[in-house]
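In: The sequence and its predicted three-dimensional model are supplied below.
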Amino acid sequence: MCWSLDTEMVEIMNKSNMMELQPDEDRIKALHIWIAKLCNPDVNFCVSLLDTFVTTCESTIEQNYDGGKGKYTHLADKKLAAAALPFSEEPGKDGPVYSKNPDGSIIEGSYKKGVPHGYFRHINAYGDIELFCCFIRGVIHGPCWKGLPGGGFLVSESWTFTSDDMVFLYPDCRTALYGSFYKGQMVSGQLCRILSGTGHCSYFCGVFKLAVTQPDGEVYSYDPSTATRISSQPFLPDPYEAEFVEVRASTIPKAGEGLFAKVNIDCGTVISFYNGVRVPCIEDSNDLADDNYRIALDEDLDLDIPSDMTSIKEYNASLGHKICHSFTPNTEFETFYHPRFGIIKCLISVKEIEEGEEIFVNYQYSLSCSPDWYKVSWAKHQKLVRRLPDWKLTLLLTDAFSATGNR
């Protein structure tokens, strides 16, 4: 299903067997290159596209816009509200504009006759794309893109990201959820795959639109955890995560289950999600020793897996809690915005991982309040790293060090 919902495209797709459609790998590669440039804060992306804008979008569309008789006048309801304009304080400004604020956020764009005309990009203080879109005489032209913590994207022809025809794009930029969203929150979405990406109004347009397969299968909705409920659908797996990892018996003796790679994984790939009930942070670290599944979400909240939900027979909507610890891990925790779970943690690879390889992360417990198995593991690791003669001696030294109140 194409973003523009072109009638001919819809008819073709309704007559076709979607399973037989193959992705256009060249255009998917072009999409990935475009996204990499879109997210690069060191280059004025909008200025780099101006020549393309003049020769494609402006020349083919603006000539039909003057006089109010052009075919694009029906887009008037997509004008950006004045209060939301990145440079509304400079309404008379013409030409390119650029601003880098003290917090690191960046706003760049272009004006003509006092209204947005060209590409606009707003990068927030965290380095995420707050908004990327194109204007023709102050009217939105093509899809709007919004980057999310962890590497996902929202793509919509509504700058408020409220639409029945929107996509949440997972970090692989191949897997997506298509459906209805309200102000960026998913009301209902179904799994689809990216077939290709291309310019909105022409092959050379600087705003990419997506062509996706027919949405199908389970219906997902925004369902963040609370202090007492981890999920209203605990047995509905995440479709992206299911492509990367599975749960099997860990290679670590007596560790129980662990997380394993189902495919070869490149470094820097989001591969699993850590959802849990949202509970206040524990200030007394001595109370943490019995919380084997508790991890920090932010300064105020932790994520925890209830004791009756630790087994995948009771909960498998996310699998990150099954990962085992290592002081030489191949993943690390990062913050992630998930369309279903909201702000959670994810596991991102820090090195290449081979298919069938077990996945590990450093739990980073404080030694003074960590369980005994963690202290033993730390001592063995220190023996190897520092070439100490006996890990048991290291452990005794660790306990003595912890008893002084140091960490």
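Out: Yes, it's here. Keep in mind that this is a model prediction, so the values were computed, not measured. Numbering: from 1, shown residues only.
In: Who are the contact partners of the residue positioned nearest the centre of the chain?
Out: What sits nearest the mean C-alpha location of the chain, by Cα atoms, centre = their mean, is residue 152, with 2.5 Å. Contacts of residue 152 were listed using Cβ atoms under 8 Å, 6 or more residues apart in numbering, and they are 168-171, 336-339. C-beta here means a position set from N, CA and C on the backbone, and glycine is covered the same way.
In: again, 10 Å this time
Out: By Cβ atoms under 10 Å, 6 or more residues apart in numbering, the contact list for residue 152 reads 128, 146, 168-173, 176-177, 240, 270, 336-339, 346.
In: now residue 331
Out: If you count contacts by Cβ under 10 Å, 6+ apart, residue 331 has them with 245, 259, 265, 269-272, 320, 323, 346-351, 353, 359-362.
In: Once you drop chain neighbours, what's closest to it?
Out: residue 347 (4.4 Å; Cβ to Cβ, 6 or more residues apart in numbering).
In: In PyMOL, how would I select the buried members of the contacts of residue 331?
Out: In PyMOL syntax, the buried subset of these is picked out as below (16 or more other Cβ atoms under 10 Å):
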select buried, resi 245+259+265+269+270+271+272+320+323+346+347+348+349+353+359+360+361
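In: So which of the contacts of residue 331 are in helices?
Out: Here DSSP state H is the test, and these give no hits in helices at all.
In: Let me see the domain layout of this protein.
Out: As given by automatic domain parsing, the domain ranges for the chain are 7-219, 223-364, 366-407.
In: what mean pLDDT does the first one have?
Out: Confidence over domain 7-219, taken as the mean pLDDT, stands at 80.
In: Check the second one too.
Out: Confidence over domain 223-364 (mean pLDDT, whole number) is 92.
In: picking up where we left off before, and the residue nearest to residue 331, what are its bridge partners?
Out: Counting by DSSP bridges, residue 347 forms beta bridges with residue 272, residue 333.
In: which residues does it contact?
Out: 241, 244-245, 259, 269-274, 319-320, 323, 329-334, 336, 359-361.
In: all strands for the stretch 1-150 of the chain, in order.
Out: Along the stretch 1-150 of the chain, the stretches classed as strands by DSSP state E, counting those that start in this stretch are 95-100, 106-112, 115-116, 118-123, 129-136, 139-140, 144-147.
In: Just put those in CSV and tack on distance to residue 50.
Out: Formatted as CSV, the strands of the stretch 1-150 of the chain follow (distance: least, Cβ to Cβ, whole Å):
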stretch, distance to residue 50
strand 95-100, 7
strand 106-112, 7
strand 115-116, 13
strand 118-123, 6
strand 129-136, 11
strand 139-140, 18
strand 144-147, 18
